[in-house]
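Peer 1: Got a sequence here, can you model it:
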Amino acid sequence: MECQLGCMTIPYRHFTLQEAFAGIAAAGFKYVCPGPHHFGRGPDEPEISAEKVDELNKLAEEHGLKIVMIFGCRGPLKSLHDVQTYKQDVDVCAALGAPYLLTMGPWAYAEGIIRRKPDEEWNADVEAYYRWMKPVAQYAGEKGVTILIKPHANVCAHASLCVQTIQAIGSPHVRICYDGGNVHFYEGIDPHIDLSLCADYVRALVVKNHRGGRGVRDFPPPAEGDVDHARLLRILSEHNFSGPVVVERLGDLEELAAINEEAKKAFRYLTEILGSLS
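Peer 2: Numbering: from 1, shown residues only. A predicted model of the protein is given here:
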């Protein structure tokens, strides 16, 4: 199984991109995904500039890193304006040479993760998402980019909904970035069972652990918690997976030195897992 071990910059959200890239590279990772605090934006924020793209390319090259995907639009997709915003993120991916655009889709709740949106509102959100994602997916294919939908209490909250969404959009340029930590936290679903239901569509895996029941905000380092990434990767290996395996969280740390040390542990942890599967 060929995997590209990487890390998001989310653990470094209180630090500069330079510090994030330096820590990720020093840990041993060769791939990186700029997180929303450094690079991603909502649909109402300004277009990402060519200067910012150049900065990221140069910074990645300086640290021997490859930008494997970016965190793109996370808001709803309800209009032609939103389509243009998503297309701009596709263009950024293409300019960075990043094959994947990570997105989320519409949020299912009206209050926290307690009260869901009324059925009429939610069904309208989903139908709009299906409709408008089709031209985005076509555009992504033309640019050599694959859009990855990520479980996040949304239109693709767990495996069955991910498959349903992909089939409704009907494009080979929309696939899944599976996140076992989110499935466990937001849905209270066992990701080790859930993943098998969508594994054929998975093109990337987010490494995020979670501990406790649904809604318990406890996200420990990757080697701790209720999510066994060795089991998840074993399932993916049985489905001929090949793609990015990207760390999103390293625990709730604030000191740069502590984050860097945890990043090194995460790299060793994942390297050992992949070595056992080869």
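Peer 1: On the three-state scheme, residue 105 is what?
Peer 2: Classification of residue 105 by DSSP: H, G, I helix; E, B strand; the rest coil places it in coil.
Peer 1: what are the phi and psi angles of the residue lying farthest from the centre of the chain?
Peer 2: The outermost residue of the chain relative to its centre, with distances by CA atoms, centre = their mean, is residue 120 at 28.3 Å. With angles defined as degrees, to the nearest 10, residue 120 shows backbone torsions of phi -60, psi -40.
Peer 1: Contacts only, for it.
Peer 2: By CB atoms under 8 Å, 6 or more residues apart in numbering, residue 120 lies in contact with nothing. Quick note: C-beta positions are derived from backbone N, CA and C, even for glycine.
Peer 1: so what pLDDT did it get?
Peer 2: Residue 120 is assigned a predicted lDDT (pLDDT) of 96.
Peer 1: Pull the number of nearby residues for the closest residue to residue 277 other than its chain neighbours.
Peer 2: Residue nearest to residue 277 in three dimensions, not counting chain neighbours: residue 237, with 5.2 Å by CB to CB, 6 or more residues apart in numbering. By the criterion of other CB atoms under 10 Å, residue 237 has 16 neighbours.
Peer 1: Helix, strand, or coil at residue 237?
Peer 2: Classification of residue 237 by three-state DSSP places it in helix.
Peer 1: For it, give me the pLDDT.
Peer 2: 97.
Peer 1: Residue 195 is in contact with that one, correct?
Peer 2: No. Applying CB atoms under 8 Å as the test, residue 237 and residue 195 come out as separate, 11.7 Å apart.
Peer 1: In terms of secondary structure, what does the host helix or strand of residue 234 contact?
Peer 2: Residue 234 belongs to helix 229-238 when assigned by DSSP states H and E. Counting contacts by 3 or more CB pairs under 8 Å, 6 or more residues apart in numbering; DSSP states H and E, helix 229-238 packs against helix 191-194, strand 202-207, helix 256-277.
Peer 1: With distance to residue 156 and mean neighbour count as extra columns, can I get these in TSV?
Peer 2: Rendered in TSV, the data for the helices and strands packed on helix 229-238 read as follows (distance: least, CB to CB, whole Å; neighbours: other CB atoms under 10 Å):
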stretch	distance to residue 156	mean neighbour count
helix 191-194	12	20
strand 202-207	12	24
helix 256-277	24	17
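Peer 1: mind checking which of those is nearest residue 19?
Peer 2: With CB to CB as the measure, helix 256-277 is the member of those nearest residue 19 (6.3 Å).
Peer 1: tilt between that closest one and helix 229-238?
Peer 2: Our comparison of helix 256-277 with helix 229-238, counting by axes from the mean of the first three to the mean of the last three CA atoms, to 10 degrees, yields an angle of 50 degrees.
Peer 1: so where do the helices sit in the stretch 51-200 of the chain?
Peer 2: Listed in chain order, the helices of the stretch 51-200 of the chain (DSSP state H, counting those that start in this stretch) span 80-96, 119-142, 159-169, 180-182, 191-194.
Peer 1: how about a markdown table for these, with distance to residue 243 added?
Peer 2: A markdown table is the format used below for the helices of the stretch 51-200 of the chain (distance: least, CB to CB, whole Å):
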| stretch | distance to residue 243 |
| --- | --- |
| helix 80-96 | 15 |
| helix 119-142 | 16 |
| helix 159-169 | 15 |
| helix 180-182 | 15 |
| helix 191-194 | 17 |
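Peer 1: Could you say which one of those helices comes nearest to residue 268?
Peer 2: Judging the helices of the stretch 51-200 of the chain by CB to CB, what sits closest to residue 268 is helix 180-182, at 19.3 Å.
Peer 1: I'd like to know how many residues surround the nearest residue to residue 171 once chain neighbours are set aside.
Peer 2: By the measure of CB to CB, 6+ apart, the closest residue to residue 171 outside its immediate chain neighbours is residue 137, 3.7 Å from it. In terms of burial, residue 137 registers 22 neighbours under the definition other CB under 10 Å.
Peer 1: mind listing what residue 137 touches?
Peer 2: Contacts of residue 137 by CB under 8 Å, 6+ apart are 147, 169, 171, 173-174.
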